[in-house]
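*Asks:* based on what follows, work out the 3D shape:
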Amino acid sequence: MNELTVKFPHTKILGCPTVTADGERLKMTLRGNCYEGKLTTDKTNVEIAVTRHYELEGKHWFLMSMLFFFISLLGIFNVHREKRFYSIDYRAAVSFDGVSQLNFRLNPFKVACRAAETYGNCNVREQSNVFFVKKFLNKRRKALLWTKAAIWLVVLALAVVLPIVLL
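*Replies:* Coordinates of the predicted model:
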């Protein structure tokens, strides 16, 4: 049985990344200042992929956002979302034997530049390693903001008109 420990630093830009090994998601737990996940397998070669997923990328993003908007009393108790949608695209073939460790060190954020450096006692062949911004999520965020503003205007208009009509 081979064991690979993956460590990824905690940053405000990326939050908790999604790390997959051969399509199987690793459970990342926050320990100190880094996320740590363990993979136990019979294989000696695995494909590691690191990405960042946002709530607005989901299939029913608009319905879920509106549901939580109304549950949080028109956004008063709602959690604020990110304004910038930074992501990482890291894919690599990792060869290891026995108990191995793969550590990531993030580079400063620049679009289309190397995102991370890896070190540890395993052999890594990178296929992709870049930062990028998910621009389509900015459009979704703006559409959500306009919808929430329109709902607030309707609520305020009803608050003004209803007392007059009921009198």
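*Asks:* for the lengthiest helix in the chain, packing partners?
*Replies:* Ranked by residue count under DSSP state H, the longest helix found in the chain is helix 135-166. Taking 3 or more Cβ pairs under 8 Å, 6 or more residues apart in numbering; DSSP states H and E as contact, the helices and strands that helix 135-166 lies on are helix 61-71. Using the backbone N, CA and C atoms, a C-beta is placed for each residue, glycine as well.
*Asks:* just want the angle from the helix it packs on to helix 135-166.
*Replies:* 40 degrees (axes from the mean of the first three to the mean of the last three Cα atoms, to 10 degrees).
*Asks:* give me the pLDDT for the closest residue to Lys27 other than its chain neighbours.
*Replies:* Once flanking residues are discounted, Lys27 sits nearest to Gly37: 5.9 Å by Cβ to Cβ, 6 or more residues apart in numbering. Predicted confidence (pLDDT) for Gly37: 93.
*Asks:* and the helix or strand where Gly37 lies, what does it pack against?
*Replies:* Assigned by DSSP states H and E, Gly37 belongs to strand 34-41. Where contact means 3+ Cβ pairs under 8 Å, 6+ apart, strand 34-41 is packed against strand 2-9, strand 18-21, strand 29-31.
*Asks:* partners of that strand in the sheet?
*Replies:* strand 2-9 (antiparallel), strand 29-31 (antiparallel) (DSSP bridges).
*Asks:* Pro163: which of those is closest?
*Replies:* strand 29-31 (50.3 Å; Cβ to Cβ).
*Asks:* related to what we said a few turns ago, right, so of the helices and strands packed on strand 34-41, which gets closest to Tyr119?
*Replies:* The nearest among those, by Cβ to Cβ, is strand 2-9 at 10.0 Å.
*Asks:* quick one on the thing from earlier: any chance of the strands paired with strand 34-41 in TSV, with mean pLDDT and distance to Val155 too?
*Replies:* Shown next, in TSV, are the strands paired with strand 34-41 (pLDDT from 0 to 100; distance: least, Cβ to Cβ, whole Å):
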stretch	mean pLDDT	distance to Val155
strand 2-9	92	43
strand 29-31	90	39
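*Asks:* how about the ones you listed, which one is nearest Asn129?
*Replies:* So among the strands paired with strand 34-41, strand 2-9 is nearest, using Cβ to Cβ, at 13.5 Å.
*Asks:* alpha carbons of that closest one, as CSV, please.
*Replies:* Below are the C-alpha coordinates for strand 2-9, written out as CSV (Å, rounded to 0.1, in the frame of the first residue of the first chain):
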residue,chain,number,x,y,z
ASN,A,2,1.3,3.4,-1.0
GLU,A,3,0.5,6.6,0.8
LEU,A,4,0.7,10.2,-0.6
THR,A,5,0.3,13.2,1.7
VAL,A,6,-0.6,16.4,-0.2
LYS,A,7,-0.1,19.8,1.6
PHE,A,8,-1.4,23.0,0.1
PRO,A,9,-0.9,26.4,1.8
